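Visitor: sequence unavailable; structure follows:
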């Protein structure tokens, strides 16, 4: 009787595994540095919000629904610039190879003001505050109105935030936009792609589905031409 029960159990396991294999596709690949050396514990974040970490040899594998024709993925590791690639169903069975470059450009926030006889420029992100003598050629910083006339409107609130982020964004050209959220050390923790039409667009992002801890984050918004703008955000607990 025990042998029969074991046989039935094994058969059920095979049925479940077969059904799972038929409903998912497996994406595999390797994350390396510029020299081709594997990067262990690198993060691979898919466009659907799922993610996986590479093993000691830089390898990763992750399943996606079989009906997905394509899937965006972003590889990141502390101290390296993240790389985004697109997997398509035509590459099924072909390992992905992503190579990360050393270094990451964290946004720098500059606050400038004029005082009597001195002009002070203060920056964050490990920059040094310097003071220099005011020069006749130095112009006063632009007003809020002039900045808004130069840059399209972008408002992300609330900040600090607890869960979802509301984005109010003026889109000049209809195209896909990437929203990448980095933590303070520069590790990618959330990524989402949206096709936005021209005009003022309002929508929500839900990065807390990644169980983000409290801290400082940077939201980088990019289009086909590269980086558009970066916003500094603060995550707090309820």
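Guide: It's in. Since the structure is predicted, the reported quantities are computational estimates derived from the model, not experimental observations.
Visitor: how long is stretch 171-190 from one end to the other?
Guide: Stretch 171-190 has an end-to-end distance of 22 Å (C-alpha to C-alpha, to the nearest Å).
Visitor: which parts of that stretch are buried?
Guide: Judged by neighbour count using 16 or more other C-beta atoms under 10 Å, the buried positions of stretch 171-190 are 171, 177-183, 186-190. Bear in mind the C-beta positions are built from the backbone N, C-alpha and C, glycine included.
Visitor: of those residues, the lowest pLDDT goes to which?
Guide: Lowest-confidence member of these: residue 186, scoring 82 (pLDDT).
Visitor: mind checking how far the residue nearest to residue 92 when sequence neighbours are not counted is from residue 63?
Guide: In space, and not counting its chain neighbours, residue 92 is closest to residue 25: 5.9 Å by C-beta to C-beta, 6 or more residues apart in numbering. With distances taken as C-beta to C-beta, to the nearest Å, residue 25 is found 7 Å from residue 63.
Visitor: neighbour-wise, which of these two wins?
Guide: Shown here are residue 25 and residue 63; by other C-beta atoms under 10 Å, residue 25 has more neighbours (18 against 14).
Visitor: beta-bridge partners for that one, please?
Guide: Beta-bridge partners for residue 25, by DSSP bridges, are residue 64.
Visitor: with residue 46 instead?
Guide: Listed beta-bridge partners, residue 46: residue 73 (assigned using DSSP bridges).
Visitor: surely it meets residue 73?
Guide: Yes - Residue 46 lies in contact with residue 73 (C-beta atoms under 8 Å); the separation is 5.3 Å.
Visitor: low-confidence ranges, this protein, go.
Guide: 1-22, 104-151, 209-210, 227 (pLDDT under 70).
Visitor: repeat that with 80
Guide: Filtered on pLDDT under 80, the chain yields the residue ranges 1-23, 48-49, 51, 91, 103-152, 208-211, 224-228, 238.
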